[in-house]
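Novice: Generate a structure from the sequence data that follows.
(2 chains)
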Amino acid sequence: MSLFPKVGRKQGSVRIAWWTVVALLCLGVFLHLLPFYFMISTSFKTGVETMADPPTLWPQHPTLAAWQLVLQITNITSNNTLAAQLLDEPLYVYFWNSIFMTVTTLLISLPITALAAYANSKLQRGPIARWSFLFFIGTLMVPFAVVLLPTLLLTLNFPFALTEGSIPNFPGTDQPFPTLRIWDTPWAVIIPAAFNAFNFLLFKGFFDTIPNSIIQAARVDGGSEFNIFRRIVFPMSIPVFAVAAWIQFGAVWDNFLWPSLAFRSPDKIPTSVAIYTLMNRFTSAGITDANQAMGQSMAMKQLLEAGLSWNGLMVLGLLQTLPIFVMFIICREYLLRGVRLRCLK
Amino acid sequence: MSDQVTGISTGTEITGAQATAEPVLRRRNRLEIWLFIIPAFLFQLIWGWYPLVVAFLISFTDAQPLLPSTFTGLDSYMRVWNDPLVAMSFRVTFLYAGMTIALTFVIPIIVAILLMEMPPRTMRWMMLLWFLPLSPIANTILWKYIYNAQYGLFQYIATNIMHLPAQPFLNDPNQVLFWLIFPGVLLFGPGLIYMAALQGIPNSYYEAAEVEGASFWRKIWTISFPRLRPIISMLLTFGIIGSLQEFAWPQIMTGGEPEGASRTVVMYLYSYIQNQRYSDATALSVFLFIVLMVIIILFRTFVKEDPDA
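Specialist: Next comes the predicted model:
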C-alpha cells in the first residue's frame, strides 16, 4: 500500500523513515526466529549437553540421536524397548488420528459456519437477523470449563446430558431410552467443533462488507441463492476462508484439554495428548533434572545416555508444529491470492 | 413462473426507484435461507446451548456424580462467594488479563500495517517469518526448558550476562505472571487477520490522502485505523474474553504455583471439578460469566464499530 508517498521517495527524510521501518521489521523477525533456532539446535544436541550450564549456543557434538530415538517410537517391533515403553502406540498412529480429526472438522465446519453467516448477513433481516446473530455467537462468552461436564455426558449418552443411571425410561416400560455413544471415537472431537462461533463472527464481518448490489444483480439474473453463494460470494471471500481454516485448524490440532477427556483407548488419542503424556513421563522419571537424572533407575539412565532428554522433547515439539506450519503456508498463499483478485478490480 | 417474474420485476423496480429499499425475495429463496441456517442452528443448539443450560441447572443442585441430585437453591453460590481463594483467583485473573492486553495486543496491528508497506516479494517473506506459528505444546516444552532454574537460557542471561543473583522465574509469586505472558510478546497472535482486513482498504483512499498532502502518521491515523476499527474491536473483545478465561497455558506451565499466584478463575474452577464439586464449579462459572458480560457491555458502549461513523 502507500503510506509512504509515491512522489519523492528519493528524499532523504523519506529514505531514512523507510529504512527505519525495514530495520524494525528485521529486528522483529530476528527476535521471533530465536525460539525456533533454539528448538532446532537443542534437538541436535546430546542428552547431557542439553543440561549443560552455561547453555551452548550451537550443538558441540551434533547428533541425530534424538531424532532417531523419537522416530523409533514409531517402530514398535524394534528391539529398543526403552523407547517403545514410553508410548503405547507408534507415533504415526497419533499423527493419523490428529490429521483425520482436524481435516474432517474443517470439511464439516467451514461450509456450515460460512453458509449460516452468509444467510445471517445477507438473507435474514430485521429482528430475526438480530436474534439469530445472538443465538449463534452467544456461547462465545462462556468458558469451556463450564460446559466441560455436560458436553462429556452428552457424548456418553447422546441425546441426554445425564449420567448412565438417570436416563428416563420409555413411557410405560422399564426400558431406558436408546442412547448413542460417540465418546471414545474421533466424532467426540469433530461434532462439538462442527459449528465455530468465532469463525461465524469472522465470516459475518466479511460478508457484511460485500455490497448488496452485487448479490441483487445476480438475483435479477435468476441465480438461486446457493448458486449466488457458490459462484459470486465464495470466490470473493477466499481470503477470509483461508483465515477461518487456519484458525480452526490450529484450534483442533492443538486442543488438549477436551481430547484428554474424550478418549480412553490409547490408540485413538491425538498427538497433542500423546506428547503431553510423554512429557509428563519424562519429567516424572527425572530425566529433565540434572541432579535426579544421575541417581535414577537404570532404564531412564540408559535413555539419557542414548540421548533422549530435552532434545527428544524438542523433536516432538517440532513434529507437532510441522502440520501447523504447512497449513500456515497454504493459508498464506490463498490470502495473497485474494489480494491479487482485489488489485485487479 | 409468473410469480417469479413479478417477483423479479418488483425487485428491480424498487432498487431502481430508491437505492435503500429492501428487495423482495422469491418464495424458493426463502426456503433456501432455512437450508442455509438449519445445520448450524442444530449444531449450535445441541452442542452450544444445551450443555450450557444443563450446567446452569446443575449449579442449583448438589450434583452428586452417580446419584440423583436434589435441589439446594443458592447454597453453592453462597459457598463460592465465601471462599477466600475465589477472590484471590479473580485478582490474579484481572491482573493477568490486563497485562496480556497491554503487552501483546498492539504489536500485531503495528506489524501488519508496516508489513503492507513492503514491496510484495519482501512482504511475502516477512509475513511468513513474523507470523510463523509454533504449536502451544511445543511452546510449553520450549519455555519450560528456557525458564529452568538450573540450566535454562534465561538463568544464564540473568547471572552471567546481567550479573544478577539467581532468579527464580516461575517460582517467584511476584514475577510469575510476567514470565507467563512474556512468550506471547515474542510469538505473535492474530496478525493474519489484520493483514486480511488491511487488504480490504481501497488504495484510492491513500492516493486521495496523498494528493491532499497527508503525512505518514496522518494516513495511518485517519485511514488505516478507522478501517481496522471493526476488526480491532472484535479481536479486543475476544482478547479480553480469552485472557479472562485463561486456563491451559498457566495450568501446564505452573499449575497455579507458587502459592496460588498464577491460579486463574478457570483453573480454580477446574480444581473444583477434579474434587467432584460440580455445583460449585458451575456456580463459579456463573460469577465469571456475569463479570465477563459487564466488561463486554461497558466495552461495547464506549467503542464505536462503524468505520464510517
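Novice: thought B:Tyr115 was touching B:Trp130?
Specialist: No, residue B:115 isn't Tyr; it's Leu. Yes. Between B:Leu115 and B:Trp130 a contact is recorded at 6.7 Å, counting by C-beta atoms under 8 Å. Every residue, glycine included, has its C-beta placed from N, CA and C.
Novice: Need the overlap of contacts for the two.
Specialist: A:Leu25 (C-beta atoms under 8 Å, 6 or more residues apart in numbering or on different chains).
Novice: The residue nearest to A:Thr56 when sequence neighbours are not counted and A:Leu316, how far apart?
Specialist: Of all residues not flanking A:Thr56 in the chain, A:Glu49 sits nearest, at 6.1 Å (C-beta to C-beta, 6 or more residues apart in numbering or on different chains). Separation of A:Glu49 from A:Leu316 (C-beta to C-beta, to the nearest Å) stands at 18 Å.
Novice: repeat for B:Lys219
Specialist: For B:Lys219 relative to A:Leu316 (C-beta to C-beta), the value is 46 Å.
Novice: coming back round to it: neighbour-wise, which of A:Glu49 and A:Leu316 wins?
Specialist: A:Leu316 (26 against 20; other C-beta atoms under 10 Å in any protein chain shown).
Novice: Kindly give the local confidence score, pLDDT, for the more buried one.
Specialist: Note on A:Leu316: pLDDT of 86.
Novice: Same check on B:Arg26?
Specialist: For B:Arg26, the predicted pLDDT is 56.
Novice: remind me which residues of chain A are low pLDDT?
Specialist: Applying pLDDT under 70 to chain A flags residues A:1-2, A:5-9, A:53, A:72-87, A:162-167, A:284-308, A:336-345.
Novice: Where do the strands of the stretch 1-150 of chain A begin and end?
Specialist: For the stretch 1-150 of chain A, no strands are identified by DSSP state E, counting those that start in this stretch.
Novice: before we move on, what about chain B?
Specialist: In order along the chain, chain B carries no strands (DSSP state E).
Novice: what domains does the record give for it?
Specialist: Domain ranges of chain B: B:1-58, B:79-302, per automatic domain parsing.
Novice: any idea where the helices of the stretch 51-200 of chain B begin and end?
Specialist: Secondary structure of the stretch 51-200 of chain B (DSSP state H, counting those that start in this stretch): helices at B:75-81, B:84-104, B:106-115, B:120-130, B:136-146, B:153-156, B:176-186, B:191-199.
Novice: Likewise for the stretch 201-345 of chain A?
Specialist: Using DSSP H, counting those that start in this stretch, helices in the stretch 201-345 of chain A cover A:212-220, A:225-228, A:234-236, A:238-254, A:257-262, A:271-285, A:290-295, A:298-306, A:310-344.
Novice: Between these, which one is closest to A:Val14.
Specialist: helix A:310-344 (23.7 Å; C-beta to C-beta).
Novice: What helices and strands are in contact with that closest one?
Specialist: Secondary-structure packing of helix A:310-344 (3 or more C-beta pairs under 8 Å, 6 or more residues apart in numbering or on different chains; DSSP states H and E): helix A:12-43, helix A:65-72, helix A:91-118, helix A:238-254, helix A:271-285, helix B:120-130, helix B:136-146, helix B:191-199.
Novice: TSV for these, including mean neighbour count and distance to B:Ile241?
Specialist: Shown next, in TSV, are the helices and strands packed on helix A:310-344 (neighbours: other C-beta atoms under 10 Å in any protein chain shown; distance: least, C-beta to C-beta, whole Å):
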stretch	mean neighbour count	distance to B:Ile241
helix A:12-43	15	26
helix A:65-72	20	37
helix A:91-118	21	19
helix A:238-254	21	15
helix A:271-285	19	23
helix B:120-130	15	25
helix B:136-146	23	18
helix B:191-199	22	16
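Novice: Now distance to B:Leu284 too, for these, in a markdown table please.
Specialist: Formatted as a markdown table, the helices and strands packed on helix A:310-344 follow (distance: least, C-beta to C-beta, whole Å):
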| stretch | distance to B:Leu284 |
| --- | --- |
| helix A:12-43 | 35 |
| helix A:65-72 | 40 |
| helix A:91-118 | 30 |
| helix A:238-254 | 25 |
| helix A:271-285 | 25 |
| helix B:120-130 | 38 |
| helix B:136-146 | 25 |
| helix B:191-199 | 32 |
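Novice: Ok, which of those comes nearest A:Ile137?
Specialist: helix A:91-118 (10.1 Å).
Novice: Next, the angle from that closest one to helix A:65-72.
Specialist: 80 degrees (axes from the mean of the first three to the mean of the last three C-alpha atoms, to 10 degrees).
Novice: for the residue nearest to A:Thr56, what are its contacts?
Specialist: Counting by C-beta under 8 Å, 6+ apart, A:Glu49 has contacts A:Thr56, A:Pro59, A:Gln60, A:His61.
Novice: between those residues, which is closest to A:Phe325?
Specialist: For these, the minimum distance to A:Phe325 (C-beta to C-beta) is 22.1 Å, reached by A:Pro59.
Novice: give the contact list for the closest one.
Specialist: A:Ser41, A:Phe44, A:Lys45, A:Thr46, A:Glu49.
Novice: ok, now B:Arg227?
Specialist: B:Ala197, B:Leu198, B:Gly200, B:Ile201, B:Tyr205, B:Pro307.
Novice: from those residues, which are also near chain A?
Specialist: B:Leu198, B:Gly200, B:Ile201 (C-beta under 8 Å from any C-beta of the partner chain).
Novice: could I get those as a markdown table with pLDDT?
Specialist: Below are these laid out as a markdown table (pLDDT from 0 to 100):
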| residue | pLDDT |
| --- | --- |
| B:Leu198 | 81 |
| B:Gly200 | 73 |
| B:Ile201 | 78 |
